[in-house]
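> build the 3D model from these lines:
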Amino acid sequence: MLEIHNFTQNGIDEKFFQKATKVVLKMINIEERTEISLAIVGDGRMRKLNKMYRGRNRVTDVLAFENKSVITYLAKAFPRLKKGQDIEFIEPPDDIRRLGEIIICYPRAKKQAKRLDHSLEKELTILLIHGILHLLGHEHENDGEEAEEMEKMEKKILTKLNYG
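Alright, predicted model coming up:
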């Protein structure tokens, strides 16, 4: 369901992320077997990814990629992956839907949690939900109705996870 790669020195509660993902997928009526990849990164790596894929040379809190194009760059950007390691995207079995890759910037999440006066766990959950909704095609860049709908969905899911 959720494959997690933590590229930071910070501990994360993988079981919580798994549970949150199940709740999100259930609430948005995805009943088929689904796979999502989650990478937790630092500021430098997030800046590189944001610059390369969005043309914005700054750190952001979360990125979501629906396709495989980020896989090659992730291997180059993250030195923990072994040199020469095969980085081909492995297609899941036919009965599994692969949504894509969510990348969360841990330091940014920590700063936002402090600024918003809530727990880091809640902020990481908000970013995970936000990333999943992006993978499902929801957008908010132009504000308007779609942004409002996305925000309503996020709040509803957070309430279900006892963060409302």
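
> using CSV, write out every CA atom in the helix or strand residue 158 falls within.
According to DSSP states H and E, residue 158 maps onto helix 144-160. Extracted in CSV, the C-alpha atoms of helix 144-160 (Å, rounded to 0.1, in the frame of the first residue of the first chain):
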residue,chain,number,x,y,z
GLY,A,144,-11.3,28.9,-7.0
GLU,A,145,-13.8,26.1,-6.7
GLU,A,146,-11.3,23.2,-7.1
ALA,A,147,-9.1,24.6,-4.4
GLU,A,148,-12.1,24.9,-2.0
GLU,A,149,-13.1,21.3,-2.8
MET,A,150,-9.6,20.0,-2.1
GLU,A,151,-9.5,21.9,1.2
LYS,A,152,-12.9,20.5,2.2
MET,A,153,-11.7,17.0,1.5
GLU,A,154,-8.5,17.5,3.5
LYS,A,155,-10.5,18.8,6.5
LYS,A,156,-13.0,15.9,6.3
ILE,A,157,-10.1,13.3,6.2
LEU,A,158,-8.3,15.1,9.1
THR,A,159,-11.4,14.9,11.2
LYS,A,160,-11.7,11.2,10.5
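
> list the contacts of it.
For helix 144-160, contacts defined as Cβ atoms under 8 Å, 6 or more residues apart in numbering pick out 23-24, 27-28, 122, 125-126, 129-130, 133, 138-141, 164. (C-beta placed from N, C-alpha, C; glycine too.)

> most neighbours among those, please name it.
Within these, residue 129 tops the neighbour count with 27 neighbours, counted by other Cβ atoms under 10 Å.

> okay, and the residue nearest the centre of the chain sits in which element?
The centroid of the chain falls nearest to residue 102 when counting by Cα atoms, centre = their mean (2.8 Å). Using DSSP H and E, residue 102 falls within strand 96-105.

> avg pLDDT for the helix or strand hosting residue 4?
Element membership of residue 4 [criterion: DSSP H and E] is strand 2-6. Averaged over strand 2-6, pLDDT sits at 88.

> can you list the strands that it pairs with?
Using DSSP bridges, the strands paired with strand 2-6 are strand 33-41 (parallel).
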